[in-house]
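Novice: just to be clear, the model below is a prediction. Sequence and coordinates:
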Amino acid sequence: MEKPEATFSRQISSQYVNAYQLHVGHCISVIIVDFWLVFWLGVIGFLLCLVGIFVWLIWPIAIGAMYVPTEVAVARRMLELADIGEEDIVYDLGSGHGRIIIMAAQEFGANAVGIEADPIRLRLSRRAIQRQGLSQKVKLIQGNFFNQSLEAATVITVFQSQRVNQKLKSKFIEELQPRTRIVSNRYTFDGWKPLKIDKDLKVYLYCLGEC
Ligand SMILES: C[S@@+](CC[C@H](N)C(=O)[O-])C[C@H]1O[C@@H](n2cnc3c(N)ncnc32)[C@H](O)[C@@H]1O
């Protein structure tokens, strides 16, 4: 016959074992639930990132053209064709990383304004402008250039698309001063006769009214 103390201690130890098993089971189920929670949060985060990148890439195309920088030689030719000087105020519509506005200020002494819808590119161009010490001469506007006033411009530079150029024509006629020069990289303005053309680099200079 087993002693009562032995029976008691066996009951206690089996209770401990049960409690331990319960605890381990609970821990495992918590780990499994946590794993799936983290997994699905990761999947959702990843999908949101993909959607963000997609919107970031597609959005400029919806309102204009996607980002492709003008080559340095073409940018310089655009500004030369427009005969930019210190008295000019150059507006780059969709200024991207700021190459044209920086060059207009640095090499031609003009004041320049860049209008850019993409906040990331705008921030990068702002840093570049600060690094070059051009903050007094080059200004940036974040937004859609169709919604911004262009009245102060004496020169417009644009690298968009044939469709966007067509849409810009009525805005130019409404807002720009007579004799404002418009230089377009690659795309023309249907129905308008260019004043000068660089056929090799595909740069077109237009002038509003008599020039
Ligand atoms: C082809 S890139 C030209 C960049 C720069 N002007 C250059 O020549 O290097 C077109 C730029 O226009 C911007 N953009 C497109 N539509 C726009 C709009 N409606 N308003 C403001 N920026 C726009 C895009 O985000 C992109 O940076």
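Specialist: Yep, it's here. Numbering: from 1, shown residues only.

Novice: need the contact list for the residue minimising distance to the centre of the chain.
Specialist: The chain has Asp118 as the residue nearest its centroid, 2.9 Å off, counting by C-alpha atoms, centre = their mean. Counting by C-beta atoms under 8 Å, 6 or more residues apart in numbering, Asp118 touches 56, 59-60, 67, 96. (Each C-beta comes from the backbone N, C-alpha and C, glycine too.)

Novice: now do Ile63, the pLDDT please.
Specialist: Reported pLDDT at Ile63 in the predicted model: 76.

Novice: now do the phi/psi pair for it.
Specialist: Per-residue torsions, Ile63: phi -110, psi -10 (degrees, to the nearest 10).

Novice: which of the contacts of Asp118 has the weakest pLDDT?
Specialist: Least confident entry in these, by pLDDT: Pro60, with 69.

Novice: now Ile115. Nearest residue, chain neighbours left out?
Specialist: The spatially closest residue to Ile115, leaving aside those adjacent along the chain, is Phe145, at 4.3 Å (C-beta to C-beta, 6 or more residues apart in numbering).

Novice: distance of the one you found from the ligand?
Specialist: Counting by C-beta to the nearest ligand atom, to the nearest Å, the gap from Phe145 to the ligand is 4 Å.

Novice: out of the contacts of Asp118, who's the most crowded?
Specialist: Neighbour counts for the contacts of Asp118, by other C-beta atoms under 10 Å, peak at Gly96, which reaches 23 neighbours.

Novice: how about the residues of the chain by the ligand?
Specialist: When proximity is defined by C-beta under 6 Å from any ligand atom, the chain lies next to the ligand at 60, 63-65, 67-70, 92, 94-96, 99-100, 115-118, 121, 144-146, 159.

Novice: any of those buried? List them.
Specialist: Buried residues within the residues of the chain next to the ligand, counting neighbours by 16 or more other C-beta atoms under 10 Å: 60, 64-65, 67, 70, 92, 94-96, 99-100, 115-118, 121, 145, 159.

Novice: thinking Val74 is in contact with Leu201, fair?
Specialist: Yes - here Val74 reaches Leu201: they are 5.0 Å apart, a contact under C-beta atoms under 8 Å.

Novice: endpoints of stretch 137-145, how far apart?
Specialist: With C-alpha to C-alpha, to the nearest Å as the measure, the first residue of stretch 137-145 is 20 Å from its last.

Novice: which SS class is Val30?
Specialist: helix (DSSP: H, G, I helix; E, B strand; the rest coil).

Novice: okay, it: pLDDT?
Specialist: On the pLDDT scale, Val30 gets 81.

Novice: okay, now it: neighbour count?
Specialist: By the measure other C-beta under 10 Å, the count of residues near Val30 is 10.

Novice: show me where this protein has helices.
Specialist: With DSSP state H, the ranges of helices along the chain come out as 4-63, 72-81, 99-108, 119-131, 162-175.

Novice: so which of those helices comes closest to Asp88?
Specialist: Nearest to Asp88 among those is helix 99-108 (7.5 Å), distances taken as C-beta to C-beta.

Novice: circling back to that earlier point, tell me which of the helices of the chain sits most buried.
Specialist: helix 99-108 (a mean of 23; mean count of other C-beta atoms under 10 Å).

Novice: fine by me, we can end here.
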